[in-house]
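1. What would the 3D arrangement of this be:
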Amino acid sequence: MKRLQVALIGLGMMGRNHYRILRDLPGVKISYIVDLNLSAIPDTDSLLARSRLEDVNPADVDYCVISTPSALHEESIAWAIKNQIPFLVEKPLASSLVAAKRVLTASQKARVRGAVGHIERFNSAFLYAKKIVEEGAIGNIVEILTRRTGPYPGRIKDVGVIIDLATHDIDLVRWLSGSEYSSVYSQINSYQESPHEALVHASGKLENGVLVNHIVNWVSPNKDRQVQILGENGKIIVDTLTSDITLIKIPIHKIEASLVASLRGSSEGNLEKIAIEKREPLLVEHENFRDFINGLDANPVLLKDGVEALRVAEAMLESSRISQVVHL
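-> Below you'll find the predicted structure:
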């Protein structure tokens, strides 16, 4: 099988991570690096450097990876679609739901394959969590709680914390539960360094009845990434930063009604920290998309999933504006 030639569009902070992975990814060769700031491109790759997409020869590109600011995603995707080049675009798919729908429609009309970089789906802990949920280890899901907090990333100016960060958790909830959001209610707050909302507390309900709660901010001095999946028979806790996964099963036996029981209440379930092989999510994501392009078994995050994440995100923004529940 021939090595796929890849154009990397955008070499900012996330673009440099994509570069690191693509440089060593088996079956792939970087054919172009496109960035307005040519000085950001490594000296060893100076021959690959281009400052404009117009200077890229589409015949030398089997697929492209788009890692520009969110507001520029649609422009780069339009170039890829025009030239019949499959694309992997960083999340969010676009900076607005309207733009995301245009991208989806254009790609479907031109029959150009695309995927969105919702990287958390490729986290080893979430892949395992999805597996044990589907196996029924915790029974039917009744609630999902997510917490994603940390310091303000000064590089992001075009969108707020909902579009940039909450979309991670929105996509995870849809994927883990297999259900769409039916309603959301959110409250936001601002932060002097951010031109957009910097904190959001959002709650919602899925079409299958699962209750959801999201806490996301750019204000916390430390990073905190946790997802709790509560089922009828237990709970799964995932730490995104460490890829640690904990399974807590509801106990079979309750403490007998006695003085001790009246003081201590019901017994807690057995806690099991699950040992799994931990692989870098970005590497797994790229392997998956490479295999997708090669026609092999793969599960990329499809463009329609990127559209749905933005639909819920914009519903959160609308809810915070009108101070009411928004039904999707």
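
2. Can you check the pLDDT for Arg237?
-> One thing to correct before we go on: residue 237 is Ile, not Arg. Per-residue pLDDT puts Ile237 at 97.

3. Pretty sure it sits in a strand.
-> Yes. When DSSP: H, G, I helix; E, B strand; the rest coil is applied, Ile237 is found to be in a strand.

4. these two touch, right, it and Val227?
-> Yes. Using C-beta atoms under 8 Å, Ile237 makes contact with Val227 at a distance of 7.5 Å. All C-beta atoms are positioned from the backbone trio N, CA, C, and that covers glycine.

5. the more surrounded of the two?
-> Higher neighbour count among Ile237 and Val227: Val227, with 26 against 19, using other C-beta atoms under 10 Å.

6. Confirm that that one sits in a strand.
-> Yes. The assignment for Val227 by three-state DSSP puts it in a strand.

7. Need the residue closest to the centroid of this protein.
-> Computing the C-alpha centroid of the chain and ranking residues by C-alpha atoms, centre = their mean puts His118 first, at 2.8 Å.

8. residues in contact with Val142?
-> By C-beta atoms under 8 Å, 6 or more residues apart in numbering, the contact set of Val142 is 209-211, 230-232.

9. what pairs with the host helix or strand of it, and is each one parallel or antiparallel?
-> Assigned by DSSP states H and E, Val142 belongs to strand 141-149. Here strand 141-149 is paired, per DSSP bridges, with strand 211-217 (parallel), strand 224-231 (antiparallel).

10. tell me the phi and psi of Val326?
-> phi -110, psi 130 (degrees, to the nearest 10).

11. domain assignment for the protein?
-> 4-119+283-302, 121-278+309-327 (automatic domain parsing).

12. lowest-confidence stretch among these?
-> Among those, domain 121-278+309-327 scores lowest, at a mean of 89.

13. Check the offset of that domain from the chain's centre.
-> Domain 121-278+309-327 has its C-alpha centroid displaced from the chain centroid by 13 Å (C-alpha atoms, centre = their mean, to the nearest Å).

14. From one end of it to the other, what's the distance?
-> 26 Å (C-alpha to C-alpha, to the nearest Å).

15. ok so Pro79 is a helix residue?
-> Not Pro; residue 79 is Trp. Yes. Judged by three-state DSSP, Trp79 forms part of a helix.

16. Look up phi and psi at the residue nearest to it when sequence neighbours are not counted.
-> Excluding the flanking residues, the one nearest Trp79 by C-beta to C-beta, 6 or more residues apart in numbering is Leu53, at 4.8 Å. Per-residue torsions, Leu53: phi -60, psi -30 (degrees, to the nearest 10).

17. going forward can the numbers begin at 858, since that is how I track them
-> Okay, using 858 as the starting number, the last item reads as Leu910.

18. got a list of what Leu910 touches?
-> 866, 891, 933, 936.

19. Ser1002 and Lys1092 touch, don't they?
-> I think there's a mix-up here, since residue 1002 is Leu and not Ser. No. With contact defined as C-beta under 8 Å, Leu1002 does not count as touching Lys1092 (9.8 Å).

20. Since that was my last question, I'll sign off now.
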